[in-house]
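Colleague: need a structure here:
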Amino acid sequence: MAADEVSLPLTVRNMTYNSRKATELGKWAEAQGKGEAFHDALFRAYFADALNIADISVLKQICAKLGLDPLEAETVIAKRIYKNAVDEDWAYALKVGIRAVPTFLINGRMVEGAQSYDILKRLVNRQLL
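Modeller: Next comes the predicted model:
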């Protein structure tokens with residue numbers, strides 16, 4: 001498995017959870033300068049630990065581990081503070097034809113799904129020429 005080659009822990013998940021709240025909270029984490037750490041922790045929670053990322057208590061725990069205020073996170077979710085920002089991101093994705101995660105888009109060229117390093121390198125190199 002490709003994940004094993006890069007020591008990426010993955011587990012078998014029996015459920016798929018709605019990621020909307022997590023996505024909105026991710027925008028907030030980005031604004032706090034902790035976006036990358038939040039997204040990494042969220043990935044691990046979902047794909048390695050099989051946690052329910054739609055559960056606010058799970059999201060608050062992730063925030064607390066990263067030094068983000070869990071009570072503020074709860075307010076961000078409850079008040080939907082980043083709803084419009086996420087709506088705009090999703091509208092843009094649909095506009096340019098993104099229908100899957102992950103999708104890599106560079107100068108109008110798109111590659112969908114998990115790809116090998118060589119394929120991604122070719123995509124980047126073609127756009128640099």
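
Colleague: quick check, central residue of the protein?
Modeller: residue 39 (5.2 Å; CA atoms, centre = their mean).

Colleague: give me the nearest residue to residue 100, chain neighbours excluded.
Modeller: Counting by CB to CB, 6 or more residues apart in numbering, residue 112 is the residue found nearest to residue 100 once chain neighbours are left out, at 4.6 Å. C-betas here are computed from N, CA, C, even on glycine.

Colleague: hmm, that neighbour is touching residue 103, no?
Modeller: Yes - using CB atoms under 8 Å, residue 112 is in contact with residue 103, at 5.0 Å.

Colleague: returning to what we had before: next up, phi/psi of the residue nearest to residue 100, please.
Modeller: For residue 112, the backbone dihedrals (degrees, to the nearest 10) come out as phi -100, psi 150.

Colleague: quick one: least confident helix or strand in this protein?
Modeller: Here the helix or strand of the chain ranked lowest by mean pLDDT, DSSP states H and E is helix 2-5, holding a mean of 62.

Colleague: what does the lengthiest helix in the chain contact?
Modeller: Counting by DSSP state H, the longest helix found in the chain is helix 83-96. The contact list for helix 83-96 (CB atoms under 8 Å, 6 or more residues apart in numbering) reads 20, 23-24, 27, 103, 105, 110.

Colleague: are any of these buried, and if so which?
Modeller: The neighbour count (16 or more other CB atoms under 10 Å) marks 23-24, 27 as buried among the contacts of helix 83-96.

Colleague: other SSEs contacting the very next helix or strand once past the longest helix of the chain?
Modeller: Scanning forward in sequence from helix 83-96 by DSSP states H and E, the next helix or strand is strand 103-106. Contact analysis of strand 103-106 by 3 or more CB pairs under 8 Å, 6 or more residues apart in numbering; DSSP states H and E lists strand 109-112, helix 117-128 as its packing neighbours.
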